[in-house]
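K.L.:
Build me a model from this:
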Amino acid sequence: MTEAIYHPPTHEIAERRKELAPAVHEAFDNFSHAVFAEGALPEKTKQLIAVAVAHVTQCPYCIKGHTRLAQRKGASPEEIMEAIWVAIEMRAGAAYAHSTLALGVMDEKPASA
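P.N.:
Purely as a prediction, here's the structure:
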């Protein structure tokens with residue numbers, strides 16, 4: 001079976017999205033440009049953050065797109081991989097931290113039947 005899980009992004013899909021909600025599309029596009037513009041953080045740093053977040057949210061489109069953009073902004077393969085490792089640690093760290101919920105339940109006195 002060679003069918004992809006995720007449909008490849010196409011110009012037609014992007015245009016359809018824009019056609020169905022042009023004002024929202026424009027607002028989102030403007031927001032995105034503002035977020036990734038040079039500011040207190042350099043654009044390269046913002047793209048490395050986006051690569052890490054994309055791995056935590058597990059969005060394949062974001063992973064590919066922001067990895068390409070990080071490269072265009074001058075990020076090295078080593079910097080990109082380190083950003084990914086930060087995401088991996090944070091994802092695992094969240095599971096570790098949330099284990100306190102299960103431990104708390106296990107420590108509760110069982111309710112009588």
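
K.L.:
tell me the domain ranges of this structure?
P.N.:
For the chain, the domain assignment from automatic domain parsing gives the residue ranges 10-39, 41-108.

K.L.:
Give me the distance between the two termini of the shortest one.
P.N.:
Think domain 10-39. Criterion CA to CA, to the nearest Å; first-to-last residue distance in domain 10-39 is 31 Å.

K.L.:
biggest helix in the protein by residues?
P.N.:
Of all segments of type helix in the chain, defined using DSSP state H, the longest is helix 77-107.

K.L.:
which helices and strands sit right next to that one?
P.N.:
The helices and strands touching helix 77-107, judged by 3 or more CB pairs under 8 Å, 6 or more residues apart in numbering; DSSP states H and E, are helix 43-57, helix 60-72. For glycine as for every other residue, the C-beta is placed from the backbone atoms N, C-alpha and C.

K.L.:
what's the closest of these to residue 105?
P.N.:
Of all the helices and strands packed on helix 77-107, it is helix 43-57 that lies closest to residue 105, at 25.4 Å by CB to CB.

K.L.:
Poorly predicted segments of the protein, please.
P.N.:
Within the chain, the stretches falling below the threshold (pLDDT under 70) are 1-2, 112-113.

K.L.:
Would you agree residue 71 is in contact with residue 80?
P.N.:
Yes. In this structure residue 71 lies within contact range of residue 80 using CB atoms under 8 Å: 7.3 Å.

K.L.:
Figure out which of the domains of the chain is closest to residue 3.
P.N.:
domain 41-108 (14.8 Å).

K.L.:
any idea how far that closest one is from the chain center?
P.N.:
On the basis of CA atoms, centre = their mean, to the nearest Å, domain 41-108 sits 7 Å off its chain's mean C-alpha point.

K.L.:
Over to stretch 8-18?
P.N.:
Centroid separation between stretch 8-18 and its chain, computed with CA atoms, centre = their mean, is 20 Å.

K.L.:
buried stuff in that stretch?
P.N.:
Using 16 or more other CB atoms under 10 Å as the test for burial, stretch 8-18 gives no buried residues.
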